[in-house]
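Chemist: Build me a structure from this.
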Amino acid sequence: MTEVTHQIIKTNGINIHIAEQGEAGPLVLLLHGFPELWFSWRHQMAHLAKHGYHVVAPDIRGYGDSDSPLCTKSYTLVHLVGDIVGLLDHFGEEQAFVVGHDLGAFIGWHLSLFRPDRVKALVALSAPYFSRSQNTRSPESFRRMIGEGCYIWQFQEPGRAERAFARYDYLTVIKKFLLMTKRDYLVAPHGMEIIDYLETPATLPPWITEEELQVYADKFQESGFSGPLNHFRAMELNWELVGPWEGSKIVVPTKFIAGDKDIGFDVMGTREYVKGEVFRSLVPNIEVVILDGHHHIQQEKAQEVSNEILSFLKKFSAN
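Modeler: Presented below is the predicted three-dimensional model:
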């Protein structure tokens, strides 16, 4: 099996860093979430490459070794989808399999909405699709519904979260986000920043090592957190931009995978939504798989998730 290689690709006006494994076969794009990197897909990359797929995992704009524009208006869905289309064009592929987790799932859903002609099939992890009419969740609406301790509200003010994060070393910040299990993590008590509220686990779970966490910490120490946080700061603009797709469905074949202990499942009826008919009406060609696990399911349950992705892709690989 080939080793992971790295390169910088010019696409959509910026430089995108990609990790790549597998020299031939159908193209699979793996899109990471917050606050992660291409590295979050290390297990799936090896598994898919071993089974004959050409696997490409970019650092999303603002992350890692990809460019991090200063302006928050450079982090809209138009930009993010454009980056992925640019990667497809770079590789000379009309279509690709797309797998996304968290932020990456958000991008995958909207790539499938804006450009279904470029997506052979989609696997979305941990973040379900909400239509624009449902997604009235602007930062201000989060503040009204949940309170000013909501992390989305706190992330809006440029520099605020960066200053709060700076009270900790980078490894601690990564541990607080990647390993959190508090069910009420969305909201810090009055007057407290979310990063102060999140706990630092005394021991690591078996699915990740100190050395692996350090990979994230070292890269974020180089690139900072402003790029990742700018994605949250584009939320209101994104809601405006998706207006023309109001009422549209995701028509590409899709599998949704999530952990049953994912904290996000217990927020504003998400667990019931994923099980209900509204979700399936918006994504009619969908399979839903719920595993025993938390939010970062592709790392926590690496082999199970790899098998679920592979079994789904195989259904369409001959087409």
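
Chemist: got any ranges where the stretch 101-250 of the chain has weak pLDDT?
Modeler: For the stretch 101-250 of the chain, residues meeting the criterion pLDDT under 70 lie at 134-139, 142-143, 146, 182-185.

Chemist: Show the backbone phi and psi for the residue nearest to Gly108 when sequence neighbours are not counted.
Modeler: On the basis of CB to CB, 6 or more residues apart in numbering, the spatially nearest residue to Gly108 that is not a chain neighbour turns out to be Gly100, at 3.4 Å. The C-beta positions use only the backbone N, C-alpha and C, and glycine is treated the same way. The phi/psi pair for Gly100 (degrees, to the nearest 10) reads phi -140, psi 140.

Chemist: Mind pulling up the pLDDT for Gly100?
Modeler: With respect to pLDDT, Gly100 scores 98.

Chemist: same question, Tyr273
Modeler: If you check Tyr273, the pLDDT there is 88.

Chemist: need the contact list for it.
Modeler: For Tyr273, the contacting residues are 128, 279, by CB atoms under 8 Å, 6 or more residues apart in numbering.

Chemist: Where does it sit, in terms of helix or strand?
Modeler: Element membership for Tyr273, per DSSP states H and E: helix 270-275.

Chemist: Equivalent analysis for Trp239, please.
Modeler: Counting by DSSP H and E, the secondary-structure element that holds Trp239 is helix 235-241.

Chemist: Equivalent analysis for Asn230, please.
Modeler: Secondary structure assigned from DSSP H and E places Asn230 in helix 226-233.

Chemist: sorry, back to before: counting neighbours, what do you get for the residue nearest to Gly108?
Modeler: 27 (other CB atoms under 10 Å).

Chemist: gap between it and Glu148?
Modeler: Between Gly100 and Glu148 the distance is 30 Å, computed by CB to CB, to the nearest Å.

Chemist: cool, and Gly33?
Modeler: Distance from Gly33 to Glu148, counting by CB to CB: 24 Å.

Chemist: out of those two, which sits in the more crowded spot?
Modeler: The neighbour comparison of Gly33 against Glu148 (other CB under 10 Å) goes to Gly33, with 24 against 13.

Chemist: Fine by me, we can end here.
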